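K.L.:
For reference, the sequence and a predicted model appear below.
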Amino acid sequence: MNCQPVTMPDKLPPAVETVDTSYLEGLVGYNASRAAITVIELFLQRMAIYSMRQVDFSVMSLITHNPGITSRQLCSALSIQPPNMVAMINALENRELIGRQPHPRDGRAVGLHATAAGRKLMRDAERTAQELELDATSRLTAAERKTLIRLLQKVYL
């Protein structure tokens, strides 16, 4: 075993007093991620009373606003793999929030519909979502909020 004495450099490197985040703050991904984390944390806190994760909320919202939507359409709209969607639909059906009905034009497909309990839950949850979004973006004007949404959509649409 080689035991060399530890030598201290003549001059210690400077300590960081203020963290320079300017490079990261110039990246869309970094800023989008930081904003998403802020909104997601608030979402999880406020949606806990509904036992809903973001993906559950998104699926239920689409079913509520698009009665008869198929699981294939949900997968496409939300970029979710079909096996993952099957489990979500089963869970929502077990909670009696949605029901399945034959599709009027495609005998192989099944349309998904929100139950009365599902529609009530979504009225309450969507109201909560609106409030939390306003709280999370409270430093923005209504016009800035609308612009932010439009710009973010330009990135992923």
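P.N.:
Sure thing, it's come through. Numbering: from 1, shown residues only.
K.L.:
can you list the weak-confidence ranges in this protein?
P.N.:
For the chain, the stretches flagged by pLDDT under 70 are 1-3, 5-9.
K.L.:
which residues in it form strands?
P.N.:
98-102, 110-114 (DSSP state E).
K.L.:
can you tell me which residues contact residue 85?
P.N.:
59, 71, 74-75 (CB atoms under 8 Å, 6 or more residues apart in numbering). The C-beta positions use only the backbone N, C-alpha and C, and glycine is treated the same way.
K.L.:
same question, residue 116
P.N.:
So residue 116 contacts nothing (CB under 8 Å, 6+ apart).
K.L.:
how about the residue nearest the centre of the chain, what does it touch?
P.N.:
Residue closest to the mean C-alpha point of the chain, counted by CA atoms, centre = their mean, is residue 54 at 4.6 Å. Residues in contact with residue 54 (CB under 8 Å, 6+ apart) are 40, 43, 47.
K.L.:
What of residue 102?
P.N.:
110-111.
K.L.:
So in terms of bridging, what pairs with it?
P.N.:
Beta-bridge pairing for residue 102 (DSSP bridges): residue 110.
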